[in-house]
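**Student:** after the sequence you'll find the predicted model.
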Amino acid sequence: MLKISCFVGNSNNLYLYNEIERYKSMMNDRPLILITNDDGIQAKGIKELIFCLRAVGDIVVFAPDGPRSGMSSAITSVAPIHYTLVKKEEGLTQYCCSGTPVDCVKLAVNEVLDRKPDLLVSGINHGTNMAICVHYSGTMGAAIEGCIFNIPSIGVSLTDTHPDADFTESCRLARKLARTVLKEGLPKGTYLNLNVPNIPRVKGMKVCKQADGRWVKEFLRMKSPAGKEVYWLTGEFQNHHPVQDDSDTVALEAGYASLVPCKIDVTDYAYLNRFKQWEIEEQ
């Protein structure tokens, strides 16, 4: 760390003062990146993301203290939440939180951070968040919340659910995208959904639209040891347009990372005026 001494009465005081201010400015110019996820602070995906983004900016991690997959934009409203400082060193501070991914973003921005982050990156998720998964995902819920705070926000996912998955390619692309977003910015109300296929080297990154489809055969019925009928969530994704070249699912299947720009505003503007023509009867 740069050390500058200033001596009262010295003719170099003004020069030294200017050097101190320049140094402070230089340090403040380093971007502040807020990192969170839904797999928990101990997941390999977030650890790899932290490592790869340290060269891009100062990192504050505010992540759930355990797995919170499928939480979407859930918030904790019927019980208090708390956070714990896990690690603090130059350029990296880590907290874990008892709440959901969205709780983590809200608490970090409202109560903990002394300045607004320049970027929020959520992930790297163990498993895809393509197509309609964006609506279920706690990873994407955190990115949505960051966008609501007007923080440029990215959700990053790898199409591999294994706890020890290889995040080399997803880290490379996440770092590249983070640098680009910090440079170019994002429109207000827009956040990004990056999915990376589980292959040694992706062919590139394609800007796509969200695939149209849904999950089918979603539950596996079983008997518990006590003989009670129980259901495990499972399922198969059914793509309604499997040959649609510009969708995220097709890009991933072809060996490309998919990048989908998403919006907070879900108003159906194409039909807005038509719906205004409806004569809705009161019963």
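**Tutor:** Structure received. Numbering: from 1, shown residues only.
**Student:** dump stretch 187-200 to PDB, restricted to CA.
**Tutor:** Coordinates of each C-alpha in stretch 187-200 appear next as PDB, following Å, rounded to 0.1, in the frame of the first residue of the first chain:
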ATOM      1  CA  PRO A 187     -30.300   0.500 -19.800                       C
ATOM      2  CA  LYS A 188     -32.400   1.200 -16.800                       C
ATOM      3  CA  GLY A 189     -34.600  -1.800 -16.000                       C
ATOM      4  CA  THR A 190     -32.500  -4.300 -18.000                       C
ATOM      5  CA  TYR A 191     -30.500  -7.100 -16.500                       C
ATOM      6  CA  LEU A 192     -28.500  -9.900 -18.200                       C
ATOM      7  CA  ASN A 193     -28.900 -13.700 -18.000                       C
ATOM      8  CA  LEU A 194     -25.700 -15.600 -19.000                       C
ATOM      9  CA  ASN A 195     -25.800 -19.400 -19.400                       C
ATOM     10  CA  VAL A 196     -22.700 -21.300 -20.200                       C
ATOM     11  CA  PRO A 197     -22.700 -24.900 -21.600                       C
ATOM     12  CA  ASN A 198     -20.700 -27.600 -19.800                       C
ATOM     13  CA  ILE A 199     -18.100 -28.100 -22.400                       C
ATOM     14  CA  PRO A 200     -14.300 -27.600 -22.400                       C
END
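**Student:** buried set for it?
**Tutor:** 191, 192, 193, 194, 195, 196, 197, 198 (16 or more other C-beta atoms under 10 Å). No exception for glycine: its C-beta is placed from N, CA and C like everyone else's.
**Student:** okay, those residues in TSV with pLDDT, secondary structure and distance to residue 185 next?
**Tutor:** Shown next, in TSV, are the buried residues of stretch 187-200 (pLDDT from 0 to 100; DSSP: H, G, I helix; E, B strand; the rest coil; distance: C-beta to C-beta, whole Å):
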residue	pLDDT	secondary structure	distance to residue 185
191	98	strand	12
192	99	strand	12
193	98	strand	17
194	98	strand	17
195	98	strand	22
196	98	strand	23
197	97	coil	27
198	96	coil	30
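**Student:** export the residues you listed to TSV and tack on distance to residue 221?
**Tutor:** TSV is the format used below for the buried residues of stretch 187-200 (distance: C-beta to C-beta, whole Å):
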residue	distance to residue 221
191	37
192	38
193	32
194	35
195	30
196	33
197	31
198	29
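**Student:** tell me which of those residues is nearest to residue 252?
**Tutor:** residue 197 (4.9 Å; C-beta to C-beta).
**Student:** okay but that closest one is in contact with residue 249, surely?
**Tutor:** No. Residue 197 lies out of contact with residue 249 (C-beta atoms under 8 Å); the separation is 10.6 Å.
**Student:** centre of the chain to stretch 144-152, how far?
**Tutor:** For stretch 144-152, the gap between its own C-alpha mean and the chain's C-alpha mean amounts to 10 Å (C-alpha atoms, centre = their mean, to the nearest Å).
**Student:** do the same with stretch 177-190
**Tutor:** On C-alpha atoms, centre = their mean, the centre of stretch 177-190 falls 13 Å from that of its chain.
**Student:** and the contacts of that stretch?
**Tutor:** Here stretch 177-190 makes contact (C-beta atoms under 8 Å, 6 or more residues apart in numbering) with 31, 33, 53, 56-57, 118-119, 121, 147, 150, 152-154, 156, 192, 194, 205, 259, 261-265.
**Student:** among the residues you listed, which ones are buried?
**Tutor:** Counted by 16+ other C-beta under 10 Å, the contacts of stretch 177-190 give 33, 53, 56-57, 118-119, 121, 147, 152-154, 156, 192, 194, 205, 259, 262 as buried.
**Student:** let's see which of these end up in helices.
**Tutor:** 53, 147 (DSSP state H).
**Student:** among the buried ones among the contacts of stretch 177-190, name the ones in strands.
**Tutor:** 33, 119, 121, 153, 154, 156, 192, 194, 205, 259, 262 (DSSP state E).
**Student:** ok, what's across the strand from the residue most central in space within the chain?
**Tutor:** Geometric centre of the chain, nearest residue: residue 122, 2.0 Å, by C-alpha atoms, centre = their mean. With DSSP bridges as the criterion, residue 122 is bridged to residue 36, residue 155.
**Student:** can I assume it is in contact with residue 142?
**Tutor:** Yes. Applying C-beta under 8 Å as the test, residue 122 and residue 142 come out as touching, 4.1 Å apart.
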